[in-house]
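coords please:
(chains A and B)
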Protein chains: 2
Amino acid sequence: MMSSTASTDIPQALPTADAIDLRKKYVSPSLSLHYSEYKPLHIVKGDGLFLIDDAGTHYLDCINNVALVGHSHPRLVQVLRQQLANPSFRVSPDGTLLPDDRLLEDYMAKIFRTVPEADFDVILFLRSGSEANDLALSIAKAVTESTQVLVLDGAYHGHSQATMCLSTYKMNQATTDSTYKIEADAVIVPKPDIFRGQYKDPKTAGQLYADDVKAQMESVLSQGKGIAAFISEPFLGTAGQVPLPPGYLQTVYKYVREAGGLCIADEVQTGFARSGVKFWLHQTHRAIPDILVLGKPMANGHPISAVMTKSELVKKFTDKHGPHILNEFISDSLSLALANTVMDIISDEKLQENALSMGNYVLERLKILKDKYSCIGDVRGIGLFIGIEIIKEVDNVKVADGVMAELLVKKALLEHNVLLREDGVDHNVIKIKPPITFSKDNAETLINAIDRSLHSLTSS
Amino acid sequence: MMSSTASTDIPQALPTADAIDLRKKYVSPSLSLHYSEYKPLHIVKGDGLFLIDDAGTHYLDCINNVALVGHSHPRLVQVLRQQLANPSFRVSPDGTLLPDDRLLEDYMAKIFRTVPEADFDVILFLRSGSEANDLALSIAKAVTESTQVLVLDGAYHGHSQATMCLSTYKMNQATTDSTYKIEADAVIVPKPDIFRGQYKDPKTAGQLYADDVKAQMESVLSQGKGIAAFISEPFLGTAGQVPLPPGYLQTVYKYVREAGGLCIADEVQTGFARSGVKFWLHQTHRAIPDILVLGKPMANGHPISAVMTKSELVKKFTDKHGPHILNEFISDSLSLALANTVMDIISDEKLQENALSMGNYVLERLKILKDKYSCIGDVRGIGLFIGIEIIKEVDNVKVADGVMAELLVKKALLEHNVLLREDGVDHNVIKIKPPITFSKDNAETLINAIDRSLHSLTSS
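Residues are numbered from 1 along each chain as shown, chains lettered A, B, ... in the order given. Prediction:
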């Protein structure tokens, strides 16, 4: 992993200190800089699973799920070149004027093949997962003529005001803010965590957590308020790589619909074959949302996102709001060309199958490490969406160990050039969500880095 | 204008009927299609001021302000090609990992040269004007620890929930919606329109409209609520191409600051040299906002937008919300490369000067038409941001004539291949905001189309 490329392959860059100063001066402090306490990375190039810094060092990227098919996939670069050579190329989109129909036609054929025709027949394009979740919630509120949104404790659904105000992951950290708070319309329901939550038996937890949601809905309804939506990821990401217990999503969706609400699946992180088992992770739950939210992995990071839903819901929404919305979003040929090619790459390179087999392999190896290191409290995941919960025992009680998680991340970077991050509300869950082109060699590097880092950290 | 290019230059496209069907089936009805009642345009190519349909017909584009420097500017295509050939090209952005510093450094030098150093020292990148306005409002609410936002009647500031709920232009049309309404935090102040509003004398209207804002703020404050922000365009766009009266913005900003609020200038439509007089239109008012919002013209339509403000405000915001926001937005090399080149084109082609001289020329010619046609009630604008208000007299009172405006737009398209649109709350204002590469030939075509169309419409 310590390989260097010839120096001529490394693009010129500012000295790292200058680059950090530039950023601090003009764009900080709103942007966090990963690893900045010990090694701010000065990445100048990407190549598949690797990010490469200005010294030519290759880092195995286990965290950038947005780069779904790997950094700088040659077919994506190629399709961009073709677009530029296309006589119809325009930088500016004009969605009101009917262009780009062949790219659109291609994409419609590909994306609607991934969902049941009866459940999804319309797609609305946006630019980020935040925008897409924001629109999904707008649609739900308009269609149901209700305001209350059920959201899981610890969730993160975006940075727009409406989505941020539903994101307890974010808001619980913003304790000093008296105005920008979880909105009155949010109904926070328990995170259905079978490792650390109230209900731990996987056989019964799904029903019990769903019953809690039902009870909270009944309380809302008894106050004369209506349920607009239940929104969740089908496998929680930022909240700490937490799987939903069996039956939970199916039962909650049933209860929510009985209460008049719509069900929104935020698949910004989990979609596009990452689960391995199905193209969309919610499909592994046999629960079908009314609105499916797609994020930037859609075009490997290029800014295009989407909402898929039923045309009857969009019609109700549009009847209320008029059609003057989102006009500029359809006809960007670069975005559609990239999105098309991402679908082709997933299919041609059998990346769903790869996510499944590589995910299973990593999980199997991590479970062996769990038996070896008592600080690994839990290993969980599906496909290449994996979490390692780091814990310690205090008075015979297992508690989150964010300090150890941070040390592991640091050691993996400094000694093994492997990029990991801690996540979750207690910052004690190591997230693993690499590009789904992740190989067995990459898996060996990852496991070796974790094993050797933990060995060193626990034997000292 | 009826020129056709050789058929080999026209990209293949679906038959128009199929393209419309495709769109209706999968992406309507959330997207409106301009001119669809009489001539849905099947644009397959853009070239400078012209959009070209599948039959090779060239249309003079007088409405797509987003394509600031014209469609498919060769330098923008060229810079994209260079980016693809750059060894550091990555499709996916990783803002947490410090890349793209040379492009960022270049852009910082260029963009901060357009504003006083003492007033703006930080920039936050986003993907759309909606996202940028949404963030600007979040910052204002957090910094002021207040919730009330003053917004002009008839304004439009975006499609996210938080911005849509402030946009009376949009919401007043959504009369059937009981839930998705102007939010309780919005304080709607009068549109300071000296043509159709309460105060018509330009000498006194600025102060009188500002006094109205002050009175409404005092009412808010007397209820124990705080003022978070005043948000407006410095020349109203969607509200009907309405200029702010002299002194208005300066006085309102003063009052708002005295009341503890921040001032937000939404320059999504008006920025980047379009006014001709100054690079930012607010600068013509000698009023400096606390937060300046930049839209997609920034990269000629490629999705990048921004908020510029003072670092002390961002610091206060970040102290409350933590830095985990907007991470993916900084390092997209395509966006930064395009944004840099747009700045170069504006400078090298002297487009600010062009916007001023062409804008003055069009205004002068339109004022002659105003004397010729009684249905032109008002002609107004600055640089290439122009409006023609179409009216009729009913019982000696001048009222909006949306029907005539629509007929003019239709005739200009069908008989002269000139793209215009009606706008404003009564749909009776013809908006003219073409790419700022607009030439004198283009101006002749535009004036001729309006003159001949109105002649035909008023003599029949």
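
and A:Ala306, what helix or strand is that in?
strand A:305-309 (DSSP states H and E).

swap that for A:Gly46, please
Element membership of A:Gly46 [criterion: DSSP H and E] is strand A:43-47.

tell me the helix or strand right after that strand.
Per DSSP H and E, the helix or strand that comes after strand A:43-47 is strand A:50-53.

what lines up beside that next one in the sheet?
strand A:43-47 (antiparallel), strand A:58-61 (antiparallel) (DSSP bridges).

which parts of it are buried?
Within strand A:50-53, the residues scored as buried using 16 or more other C-beta atoms under 10 Å in any protein chain shown are A:50-53. All C-beta spots, glycine's among them, are computed from the backbone N, C-alpha and C.

again, but for stretch A:65-83
Buried residues in stretch A:65-83, counted by 16+ other C-beta under 10 Å: A:65-73, A:76-77, A:79-80, A:83.

residue of the stretch 201-350 of chain A with the smallest distance to chain B?
Going by C-beta to the nearest C-beta, chain B is nearest to A:Gly301 of the stretch 201-350 of chain A, at 2.6 Å.

and after the helix or strand of chain A with the lowest mean pLDDT, which helix or strand comes next?
Across the helices and strands of chain A, mean confidence by mean pLDDT, DSSP states H and E is lowest for helix A:168-171: a mean of 62. Note on helix A:168-171: by DSSP H and E, the next helix or strand toward the C-terminus is strand A:186-189.

can that following strand be said to contact chain B?
No - residues of strand A:186-189 are not located near chain B by C-beta under 8 Å from any C-beta of the partner chain, the shortest gap being 12.8 Å.

show me what whichever helix or strand comes after that strand is packed against.
Proceeding N to C from strand A:186-189, the next assigned helix or strand is helix A:202-222, under DSSP H and E. For helix A:202-222, the packing partners by 3 or more C-beta pairs under 8 Å, 6 or more residues apart in numbering or on different chains; DSSP states H and E come out as strand A:148-152, strand A:186-189, strand A:227-232, helix A:248-258.

with respect to burial, which of these scores highest?
Compared across the helices and strands packed on helix A:202-222, strand A:227-232 shows the largest average neighbour count, a mean of 27 (mean count of other C-beta atoms under 10 Å in any protein chain shown).

for that one, packing partners?
Going by 3+ C-beta pairs under 8 Å, 6+ apart, strand A:227-232 lies up against helix A:129-144, strand A:148-152, helix A:202-222, helix A:248-258, strand A:262-266.

buried sites along the longest strand seen in chain A?
Under DSSP state E, the strand in chain A containing the largest number of residues is strand A:385-394. Residues A:385-392 are the ones in strand A:385-394 that count as buried (16+ other C-beta under 10 Å).

what strands line up against the next helix or strand after that strand, and which way round?
Note on strand A:385-394: by DSSP H and E, the next helix or strand toward the C-terminus is strand A:397-400. Strand pairing for strand A:397-400, using DSSP bridges, gives strand A:385-394 (antiparallel).

so for the partner strand, mean pLDDT?
Mean per-residue pLDDT for strand A:385-394: 97.

export that strand to CSV, keeping only CA atoms.
The C-alpha trace of strand A:385-394 is given here as CSV (Å, rounded to 0.1, in the frame of the first residue of the first chain):
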residue,chain,number,x,y,z
PHE,A,385,-22.4,-1.0,4.2
ILE,A,386,-20.7,-2.1,7.4
GLY,A,387,-20.2,-0.9,10.9
ILE,A,388,-17.9,-1.9,13.7
GLU,A,389,-19.1,-0.8,17.1
ILE,A,390,-16.2,0.0,19.5
ILE,A,391,-17.0,-0.4,23.2
LYS,A,392,-15.4,-0.8,26.6
GLU,A,393,-16.7,-2.3,29.8
VAL,A,394,-17.3,0.1,32.7
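
hang on, the earlier thing: just to be sure, the residue of the stretch 201-350 of chain A closest to chain B is in a helix?
No - using DSSP: H, G, I helix; E, B strand; the rest coil, the assignment for A:Gly301 is coil, not a helix.

that one contacts A:Val66, correct?
Yes - counting by C-beta atoms under 8 Å, A:Gly301 touches A:Val66, with 4.7 Å between them.

returning to that earlier point: let's see the strand holding A:Gly46 as PDB, backbone CA atoms only.
What follows is strand A:43-47, C-alpha atoms only, in PDB (Å, rounded to 0.1, in the frame of the first residue of the first chain):
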ATOM      1  CA  ILE A  43      -5.300  14.500  -2.100                       C
ATOM      2  CA  VAL A  44      -4.400  15.400  -5.700                       C
ATOM      3  CA  LYS A  45      -5.700  12.300  -7.600                       C
ATOM      4  CA  GLY A  46      -8.100   9.400  -7.400                       C
ATOM      5  CA  ASP A  47      -7.700   6.000  -8.900                       C
END
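
setting the sequence-adjacent residues aside, check what's closest to the residue nearest the centre of chain A.
In chain A, the residue lying closest to the centroid (C-alpha atoms, centre = their mean) is A:Gln269, at 1.9 Å. Excluding its sequence neighbours, the residue lying closest to A:Gln269 (C-beta to C-beta, 6 or more residues apart in numbering or on different chains) is A:Gly237, at 4.3 Å.

just checking, that neighbour touches A:Tyr156?
Yes - contact criterion C-beta under 8 Å: A:Gly237 and A:Tyr156 qualify, at 7.4 Å.

same drill for those two, tell me which one is more crowded.
Set side by side, A:Gly237 and A:Tyr156 show more neighbours around A:Tyr156, with 28 against 22, by other C-beta atoms under 10 Å in any protein chain shown.

give me the pLDDT for that one.
Looking at A:Tyr156, its pLDDT is 90.

same thing with the one 3 residues further on?
The predicted local distance difference test score for A:His159 is 85.

counting neighbours, what do you get for A:Lys25?
Neighbourhood size, A:Lys25 [other C-beta under 10 Å]: 13.

A helix includes it, no?
Yes - counting by three-state DSSP, A:Lys25 falls inside a helix.

how much space between it and B:Asp101?
In this view, A:Lys25 and B:Asp101 are 12 Å apart by C-beta to C-beta, to the nearest Å.

swap in A:Ser335?
Counting by C-beta to C-beta, the gap from A:Ser335 to B:Asp101 is 25 Å.

about what we covered before: got JSON lines for the helices and strands packed on helix A:202-222, with mean pLDDT and distance to A:Glu444 too?
JSON lines is the format used below for the helices and strands packed on helix A:202-222 (pLDDT from 0 to 100; distance: least, C-beta to C-beta, whole Å):
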{"stretch": "strand A:148-152", "mean pLDDT": "95", "distance to A:Glu444": "35"}
{"stretch": "strand A:186-189", "mean pLDDT": "92", "distance to A:Glu444": "40"}
{"stretch": "strand A:227-232", "mean pLDDT": "97", "distance to A:Glu444": "34"}
{"stretch": "helix A:248-258", "mean pLDDT": "98", "distance to A:Glu444": "34"}
